[in-house]
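> model the following, please.
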Amino acid sequence: SLLQEINRRKLRIMSEKDFNAVPDVDIDSGVFKYVYIRVYQDAGGDDRNEKDIVRGYNFAEYHSDVYDKTESELTAAGLDCECLGGGRIEHKPDKKFIKVYGYSMGFGKANHEKAVEILKTKYPEYEIVWSDDGY
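Numbering: from 1, shown residues only. Okay, the predicted model is just below:
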């Protein structure tokens, strides 16, 4: 019906706004598990937009806790995502320092080098380092 088509178009415009509104970085302070997530948005036809984001929270006992929280937020906004790996982040705001390291048992090791690039967009004045050592 015409109404369904209008709603579909509204949804596509909405989800494009939602896609652009998704922050590249959302992390806590301290030492915590993080995941590297690719966000997808259907751009109509065979086209899709995608971007990579970093999420890490103190509450998370497992990497899947971080991913599940983020996935439910993204799917509620009409977006899709997949986890491309995880690790740990040590974030010391007082020292303007972030270290990215380790891996996730469930999701494997994230590309820490790319995670650092994404983190630098939010924390350009920080010293940000990464290492493949540690768990």
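> how about the helices in this protein?
Taking DSSP state H, the helices of the chain run over residues 2-21, 63-76, 112-122.
> for the last one, which positions count as buried?
It refers to helix 112-122. Within helix 112-122, the residues scored as buried using 16 or more other C-beta atoms under 10 Å are 112, 114, 115, 116, 118, 119. C-beta: built from backbone N, CA, C; applies to glycine.
> enumerate every residue touching the fifth one.
When you say that, I think you mean residue 118. 24, 25, 52, 53, 54 (C-beta atoms under 8 Å, 6 or more residues apart in numbering).
> dump the residue contacts of residue 129.
Residue 129 touches 98, 99, 100, 116, counting by C-beta under 8 Å, 6+ apart.
> with residue 19 instead?
39, 41, 49, 51, 77, 79.
> what pairs with residue 86 across the strands?
For residue 86, the beta-bridge partners under DSSP bridges are residue 35, residue 109.
> could you count how many residues lie near it?
Using other C-beta atoms under 10 Å, residue 86 has 29 other residues around it.
> I'd assumed residue 103 was in contact with it.
Yes. Shown here, residue 86 and residue 103 form a contact pair, counting by C-beta atoms under 8 Å, at 6.7 Å.
> list residues touching both of these two?
109, 110.
> of the contacts of residue 129 - the most surrounded one?
Ranking these using other C-beta under 10 Å puts residue 100 first, with 27 neighbours.
> avg pLDDT for stretch 21-34?
Per-residue pLDDT over stretch 21-34 has a mean of 97.
> alright, calling it a day.
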